[in-house]
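>>> Quick check, what structure comes out for this input:
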Amino acid sequence: MKVTRTLIADGPPELTPICQAMGFLRADIWRRYGALGNLGKSALDIRKDIVARNLYGSLPVDGTIRNETTKDVVNDLLTYKAAAKLKVRQAIAKRTNDPTERKRLYTLLKNDRWLDDPFLHRQMRKHFRHGVSHTANQFIVRSDKHSSSIVDGRLVSVIRIAKPYGQDLRLVTSTNGKHVDLTGCNLRVCVKDGFAEIHYATEKGAGRPHGEQALGIDKGYTEAFTDSDGDAHGATFGAILTAYSDAAAKTGKARNRLHALEKKHRAKGNIAKADRIRRCNLGRKKIDARRSRAQKRLRTAAYQSAHSIVDKAALVVSEDLTSPIASKVQWKRYNRRMSGWAKGTLAEALDSVCEQRGAEHVSVNAAYTSQMDSVTGLLEGRRVGDKFYRVTGDVLQADRNAALNVLARLADPEITRFMPYRDVKRVLLARSPAPLSVKRLELGDPSRQPSADKSIEQVCSR
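I've put the predicted structure just below:
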């Protein structure tokens, strides 16, 4: 399994002009080929077009760095389009059950002929917006244009630069290099505040064995995951996200006042004072550093929880949460925290750990898994916070109840992964007996009804 590792090195000033030139190259390629400019073209076609038009030959950068960075940008661009096409395929699956119509739409989409069909055109406009790039701090080094050695107990990487474009670059890393092998791989050099990051690909071992169970899991907020055995994984996930979200909101309110003050002085003609406010009080170094720390902590918690799940399971069944979750709750604080909910990190961690350790990960339709009674398999009962109230009056732990429903949905032949939620609801209601259960839910014992005064953590834990 290929993974990316990072080395920290010093940042010589010669890196800055290379990054600036490659930043222009990235932005210009995205401007020219970020939408219809790549229609019907492969990566090779786009690179040939760039060479034929000699778009970037005049940039004062070593030719191999320019060419490898161009390849990287073009691959990113086509990956972005492929991700958009995946979402359109899901929309096609939800639109029709006719195999002939699905095949027709899939064929048009695959062959980049989505302009020929109004539905495909609308969906691609929605998911494949014109991309832009503001990245101007990195470049790619080809595998045969760098070498490494140990000097004074430190790994030193030397990037060879053609003579007309400067001298060779010597990057002294912070590692002793005992377990690092840079031979035969391209390097991505990212320049940050006074230092550089060297990203390289390496092979990762299979890891420890997986468990033997089949587990359903419910992705949450307070905890990263809850499995169908009732065990919580990643208990610190919600606390990290809440602390970061609240701190970011507090800082944002203060910055808004400073922005208003800066605009006021600028409108009055006090340009010098407005510039000082912008320079001294409206920087982003601390904000970006805080976000980076929070992302790293969330990633660590996500991977630790994924490993603890695979320690138990050979088959992991999770909700397909690629689509946004509609919510009736309209609190600003709730929406802010949920917008920062790192479900992408959770999904990535689960996929990566299962692949590395040889476990199977299957996604199922997420519709109504939190609102069903796992004992009866029917759409009855009510979830509030971390409790699920059955129509009989019994109370279940809500996350475990949802995880059991997720596991049961794997064997449900009537509900497919991309079935629209309205169709899922129709299937579930058709299975319900007489509407007595609904009446019992509405007229149940008031003493068993949940309190309306609930914390945001309870609401956020789906």
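>>> for this structure, which residue is closest to the average position?
residue 344 (3.7 Å; Cα atoms, centre = their mean).
>>> Let me see the contact set for it.
Under the criterion of Cβ atoms under 8 Å, 6 or more residues apart in numbering, residue 344 has no contact partners. Any C-beta I mention is one placed from the backbone N, CA and C, and that applies to glycine too.
>>> before we move on, what about residue 206?
Counting by Cβ under 8 Å, 6+ apart, residue 206 touches 1, 356, 357, 358.
>>> Look up how far residue 217 lies from the first one.
Same thing as residue 1. Here the criterion is Cβ to Cβ, to the nearest Å. By it, residue 1 lies 22 Å from residue 217.
>>> and these two? which has more neighbours close in?
Between residue 1 and residue 217, counted using other Cβ atoms under 10 Å, residue 217 has the larger neighbour count: 29 against 12.
>>> other SSEs contacting the host helix or strand of that one?
If you go by DSSP states H and E, residue 217 is part of strand 213-219. Packing partners of strand 213-219 (3 or more Cβ pairs under 8 Å, 6 or more residues apart in numbering; DSSP states H and E): strand 225-227, strand 313-320, helix 343-357, helix 398-409.
>>> Show me what counts as buried in it.
For strand 213-219, the buried set under the neighbour-count rule, 16 or more other Cβ atoms under 10 Å, comprises 214, 215, 216, 217, 218, 219.
>>> Now do the same contact list for the fourth one.
Taking Cβ under 8 Å, 6+ apart, we find residue 217 in contact with 225, 226, 227, 228, 233, 309, 316, 317, 318, 350, 403, 406.
>>> Hmm, the first one is touching residue 232, no?
Read it as residue 225. Yes. Under the criterion of Cβ atoms under 8 Å, residue 225 makes contact with residue 232 at 7.5 Å.
>>> Mind checking what secondary structure the closest residue to residue 111 other than its chain neighbours has?
For residue 111, ignoring the flanking residues on the chain, the nearest one in space by Cβ to Cβ, 6 or more residues apart in numbering is residue 40 at 7.9 Å. Classification of residue 40 using DSSP: H, G, I helix; E, B strand; the rest coil returns coil.
>>> burial count for residue 40?
10.
>>> Quick check: phi and psi on it?
Residue 40 adopts backbone torsions of phi 70, psi 10, taken as degrees, to the nearest 10.
>>> Kindly report the same for residue 137.
Backbone torsions of residue 137, given as degrees, to the nearest 10, read phi -130, psi 20.
>>> Contact partners for it?
Residues in contact with residue 137, defined by Cβ under 8 Å, 6+ apart, are 19, 23, 190, 191, 192.
>>> now, which of these sits nearest residue 263?
Nearest to residue 263 among the contacts of residue 137 is residue 23, at 28.6 Å by Cβ to Cβ.
>>> which residues touch the closest one?
Here residue 23 is in contact with 133, 135, 136, 137 (criterion: Cβ under 8 Å, 6+ apart).
>>> now do 10 Å
69, 133, 134, 135, 136, 137, 138, 139 (Cβ atoms under 10 Å, 6 or more residues apart in numbering).
>>> Show me where the stretch 1-150 of the chain has its strands.
In the stretch 1-150 of the chain, the strands defined using DSSP state E, counting those that start in this stretch lie at 2-10, 138-141, 146-151.
>>> and the last one, how far from the chain's centre?
The chain centre lies 34 Å from the centre of strand 146-151; the measure is Cα atoms, centre = their mean, to the nearest Å.
>>> Note down every partner strand of that strand and its orientation.
Sheet pairing for strand 146-151, assigned by DSSP bridges, gives strand 154-159 (antiparallel).
>>> Contacts for the strand it pairs with, please.
7, 9-10, 14-15, 18, 62, 64-65, 139, 141-142, 145-150, 168-178, 180, 182, 187, 189, 196, 198, 200.
>>> could you redo the last one with a cut-off of 8 Å?
With Cβ under 8 Å, 6+ apart, strand 154-159 has contacts from 7, 9, 141, 145-150, 168-177, 180, 182, 187, 189, 198.
>>> ChimeraX command to pick out the buried ones of these?
Per 16+ other Cβ under 10 Å, the buried members of the contacts of strand 154-159 correspond to this ChimeraX selection:
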select :7,9,141,145,146,148,169,171,173,177,180,182,187,189,198
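>>> Contact partners for the nearest residue to residue 259 once chain neighbours are set aside?
Spatially, and ignoring its direct neighbours in sequence, residue 259 is nearest to residue 282 (6.9 Å; Cβ to Cβ, 6+ apart). Applying Cβ under 8 Å, 6+ apart to residue 282 gives the contacts 255, 258, 259, 262.
>>> With residue 75 instead?
residue 43.
>>> ok, residue 389 touching residue 380?
No. Contact criterion Cβ under 8 Å: residue 389 and residue 380 do not qualify, at 10.2 Å.
>>> Tell me the pLDDT of the residue nearest to residue 259.
Turning to residue 282, the model gives it a pLDDT of 93.
>>> Tell me the spacing between it and residue 421.
43 Å.
>>> what are the ranges of the strands in the stretch 151-300 of the chain?
Using DSSP E, counting those that start in this stretch, strands in the stretch 151-300 of the chain cover 154-159, 169-172, 187-192, 195-203, 213-219, 225-227, 232-233.
>>> wait, which of those is closest to residue 288?
strand 187-192 (9.5 Å).
>>> Report the buried residues of the longest helix along the chain.
For the chain, the helix that runs over the most residues, judged by DSSP state H, is helix 63-95. Applying a neighbour-count criterion of 16+ other Cβ under 10 Å, one finds 64-74, 77-78, 80-81, 84-85, 87-94 buried in helix 63-95.
>>> Just want the angle from that helix to strand 313-320.
80 degrees (axes from the mean of the first three to the mean of the last three Cα atoms, to 10 degrees).
>>> Pull the distance from helix 63-95 to the chain's centre.
15 Å.
>>> Number the chain from 50, please
All right, first residue 50 from here; so that's helix 112-144.
>>> I'd like the contacts of residue 331 as TSV, with neighbour count, pLDDT and distance to residue 173 appended.
Listed next are the contacts of residue 331 as TSV, based on neighbours: other Cβ atoms under 10 Å; pLDDT from 0 to 100; distance: Cβ to Cβ, whole Å:
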residue	neighbour count	pLDDT	distance to residue 173
304	14	94	37
307	14	95	41
308	14	95	36
311	19	95	40
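>>> What is the most widely separated pair among these?
Checking the contacts of residue 331 with Cβ to Cβ, the most distant pair is 304 and 311, at 10.1 Å.
>>> where in the protein is pLDDT low?
370-391, 483-511 (pLDDT under 70).
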